[in-house]
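K.L.:
fold the following for me, if possible:
(one chain, ligands or ions: 2)
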Amino acid sequence: MAETRDEPLVLGIETSCDETGVGVVRGTTLLADAVASSVDEHARFGGVVPEVASRAHLEAMVPTIQRALKDAGVTASDLDGIAVTAGPGLAGALLVGVSAAKAYAYALGKPLYGVNHLASHICVDQLEHGALPEPTMALLVSGGHSSLLLSTDITSDVRPLGSTIDDAAGEAFDKIARVLNLGFPGGPVIDRYAREGDPDAIAFPRGLTGPRDAAYDFSFSGLKTSVARWIEAKRAAGEEVPVRDVAASFQEAVVDVLTRKAVRACKDEGVDHLMIGGGVAANTRLRALAQERCDAAGIRLRVPRPKLCTDNGAMVAALGAEMVARNRAASDLGLSADSSLPVTEPHVPGAHAHDHDHVHEVSKDNLYS
Ligand SMILES: Nc1ncnc2c1ncn2[C@@H]1O[C@H](COP(=O)(O)OP(=O)(O)OP(=O)(O)O)[C@@H](O)[C@H]1O
Ligand SMILES: [Mg+2]
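P.N.:
Ligands and ions are numbered 1, 2, ... in the order given. Next up, the predicted model:
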């Protein structure tokens, strides 16, 4: 289609945690989503080991880029831009992606876009359901974050309404899975066990849901402690732990609070749709309960397919393509990785933001800053 041909062709690189993701998109169309994960190398430690992740990114980077270009049926010279996660994430892991993106951008003479990982988790839904409505209400639930965000333009304006005051939702899944000896990462395995358990078997607490509590903030630390104590008590009494019921009851406590607060935020802000993004958005029960509650409240729900919810390069490419489409300034080659990049900065122009056309003029020295 001639129309689609005009849409920006962008390659996106994601290395903020343990997945080396490289995606290729044209506008809001997904062309390739190549992921190499080092998750198995971290499993025996019960969490991601930063140095192991960085080394794995380094080894996977070039082959994953080549695979993504091949899958998309394009060559590097066809690209209109290279997008990369500039933060937040593990500093060493981010550096591998940012360095690779700078090298490709410089060598190919293409504009570079340093983008925010969290905004990418939201923007990825454009690949599934088309352009995001404006404003967009987003519930972002991942391994490191749980927030309610309101965005009028995903490339420039993301406003946090509330976030977790302690653990992220994904972190709680991972910790409870560890207490139950179910391995790492915990989300997918708890999701599986919970399907055969009773969500009402144990009444675990719903954090920050009292009338005086912050309406849009979350807390999962009390829930985590409560589940761990319940399991300990069973074990101390020599009783068998009903893993499926614990998984289902814990999961219900998490998704009940998430969906309740998200629907309330939509109603309070007068937004008639909700987007859910981040790894925990892959959760079957969260998707089902969100659908049920959104239907009841007349809110349209948008959740990307599970593979696009967990970390991937396509989400970075999706946000990069949106940056190009909206004529946002490219990042300069002095772009730095920022492990604690705030969610309010979807786009990192770099030290000296400049127009795309000047990309060739940047000195080689900047590549290493
Ligand atoms: N089906 C599922 N149910 C619940 N949680 C899940 C599911 N699948 C993945 N997760 C959780 O999602 C998290 C990983 O998500 P994601 O890859 O977005 O996080 P991250 O990139 O590590 O964190 P962040 O995006 O905040 O930097 C893990 O905590 C994992 O347990
Ligand atoms: Mg993530």
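K.L.:
what's the first helix or strand after the longest helix along the chain?
P.N.:
For the chain, the helix with the greatest residue count under DSSP state H is helix 243-269. Proceeding N to C from helix 243-269, the next assigned helix or strand is strand 273-277, under DSSP states H and E.
K.L.:
any idea of the mean pLDDT in that following strand?
P.N.:
In this model, strand 273-277 has a mean pLDDT of 98.
K.L.:
identify each buried residue in stretch 41-48, please.
P.N.:
By 16 or more other Cβ atoms under 10 Å, the buried positions in stretch 41-48 come out as 42, 48. In short, each C-beta sits where N, CA and C put it, glycine included.
K.L.:
what's the local residue count around Ala290?
P.N.:
Residues lying near Ala290 (other Cβ atoms under 10 Å) number 23.
K.L.:
would you mind measuring from the closest residue to it other than its chain neighbours to Leu140?
P.N.:
In this structure, Ala290 finds its nearest non-sequential neighbour in Thr259, 4.8 Å apart by Cβ to Cβ, 6 or more residues apart in numbering. Distance, Thr259 to Leu140, using Cβ to Cβ, to the nearest Å: 14 Å.
K.L.:
ditto for Lys224
P.N.:
Lys224 is 20 Å from Leu140, by Cβ to Cβ.
K.L.:
okay, these two: which has more neighbours?
P.N.:
Leu140 (25 against 22).
K.L.:
okay, that one: pLDDT?
P.N.:
98.
K.L.:
is it in contact with Ile154, as I believe?
P.N.:
No: using Cβ atoms under 8 Å as the test, Leu140 is too far from Ile154 to be in contact (11.9 Å).
K.L.:
which neighbours do those two have in common?
P.N.:
Ile122 (Cβ atoms under 8 Å, 6 or more residues apart in numbering).
K.L.:
which bits of the stretch 1-150 of the chain sit near ligand 1?
P.N.:
The stretch 1-150 of the chain comes close to ligand 1 at residues 16-17, 89, 117, 142-145, as judged by Cβ under 6 Å from any ligand atom.
K.L.:
between the residues you listed, which is nearest Val179?
P.N.:
Looking at those and their distance to Val179, the nearest is Gly143, at 17.0 Å (Cβ to Cβ).
K.L.:
give me the pLDDT for the closest one.
P.N.:
Gly143 is given a pLDDT of 93.
K.L.:
doesn't it belong to a helix?
P.N.:
No: secondary structure of Gly143, determined by DSSP: H, G, I helix; E, B strand; the rest coil: coil, with no helix assignment.
K.L.:
the stretch 1-150 of the chain: strands as residue ranges?
P.N.:
With DSSP state E, counting those that start in this stretch, the ranges of strands along the stretch 1-150 of the chain come out as 9-14, 19-26, 29-37, 81-87, 112-116, 136-141, 146-153.
K.L.:
next one: the stretch 251-369 of the chain
P.N.:
273-277, 300-302, 347-348.
K.L.:
now do the last one: everything it contacts.
P.N.:
Put plainly, it is strand 347-348. 86-87, 113-116, 119, 155-156, 323, 328, 331, 335, 338, 341.
K.L.:
of the residues you listed, grab the buried ones for ChimeraX.
P.N.:
Buried members of the contacts of strand 347-348, defined by 16+ other Cβ under 10 Å, are picked up in ChimeraX with:
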select :86,87,113,114,115,116,119,155,323,328,331,335,338,341
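K.L.:
from the contacts of strand 347-348, which is closest to ligand 1?
P.N.:
Ligand 1 lies nearest to Gly87 out of those, by Cβ to the nearest ligand atom, at 9.3 Å.
K.L.:
partners of the closest one in the sheet?
P.N.:
Beta bridges link Gly87 to Asn116 when assigned by DSSP bridges.
K.L.:
stretch 282-296: which residues count as buried?
P.N.:
282-283, 285-287, 289-290, 293-294.
K.L.:
ok, these vs ligand 2, which is closest?
P.N.:
In terms of Cβ to the ion, no member of the buried residues of stretch 282-296 lies closer to ligand 2 than Ala282, at 11.1 Å.
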